[in-house]
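Engineer: give me a model of this one.
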Amino acid sequence: MPPECSEKISLGVSILLGLTVFQLVVSNTLPETGFGGQPILGIYLTMNFTVVAITLFCTTLSMSVYSQPGPVKNRLMRKLFLKLLPAVLLVRQPRADGIEREMKSSLVIAETEIGTEEGDQDNISRENQEAIKSLPSDQINIHNDYKLWRQERWVITVVLDRIFFIMTATVYTLTIIVLVSRIF
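Structural biologist: Predicted coordinates for the structure are as follows:
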């Protein structure tokens with residue numbers, strides 16, 4: 001799911017609840033074989049429960065990073081999460097020229113909305129005309145800065161999601177290998 005989707009947390013909670021109910025229903029019918037009288041399937045379900053709980057925590061952490069306002073100020077974090085790790089984890093970077101192109105088109109739209117007809121300019125003093133023309137460009141710059149910050153947060157969140165996925169998949173795979181090695 002994309003980082004801006006707030007349904008990630010509710011999906012994780014729903015899966016966690018489903019696993020809990022399934023484990024409660026199945027726990028009484030499992031045979032007592034495995035490690036110290038513990039059913040192997042019970043151990044597997046407990047491991048799944050743990051992995052989903054860890055994944056839910058990681059999702060909450062990445063959503064928290066995404067929802068933070070303002071730019072990333074720490075130089076180490078910027079270098080690590082916006083330059084190095086996206087290249088290693090194959091995260092596509094948003095294109096900066098798209099922002100510049102949008103900024104230019106927004107300026108053109110703002111100038112036409114102000115009104116450049118002769119009749120309009122006669123009723124407004126020259127100082128007010130300059131103030132009116134500078135206002136939309138300032139607002140556009142703030143809006144474009146906000147978009148840039150959002151894109152930076154998006155990249156950081158995707159990098160965190162991929163790191164958490166790799167960690168979770170590694171733990172899950174190692175646990176299955178340990179379980180299978182103990183069976184045979």
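
Engineer: moving C-terminal from the helix or strand containing Thr50, which element do we reach first?
Structural biologist: Mapping Thr50 onto the secondary structure by DSSP states H and E places it in helix 40-66. Heading C-terminal from helix 40-66, the first helix or strand you meet, by DSSP H and E, is helix 75-79.

Engineer: run through who's touching that following helix.
Structural biologist: Around helix 75-79, the neighbours that count as contacts under CB atoms under 8 Å, 6 or more residues apart in numbering are Val72, Glu152, Ile156. C-beta coordinates here come from the backbone N, C-alpha and C atoms, glycine included.

Engineer: mind doing that once more with 7 Å?
Structural biologist: Contacts made with helix 75-79 from outside it, assessed by CB atoms under 7 Å, 6 or more residues apart in numbering, are listed as Val72.

Engineer: cool, and stretch 80-92?
Structural biologist: Contact partners of stretch 80-92, identified using CB under 7 Å, 6+ apart, comprise Gln93, Glu152, Val155, Ile156, Val158, Val159, Arg162.

Engineer: just to check, Met47 is in contact with Ile176?
Structural biologist: No - with contact defined as CB atoms under 7 Å, Met47 and Ile176 do not form a contacting pair (8.2 Å).
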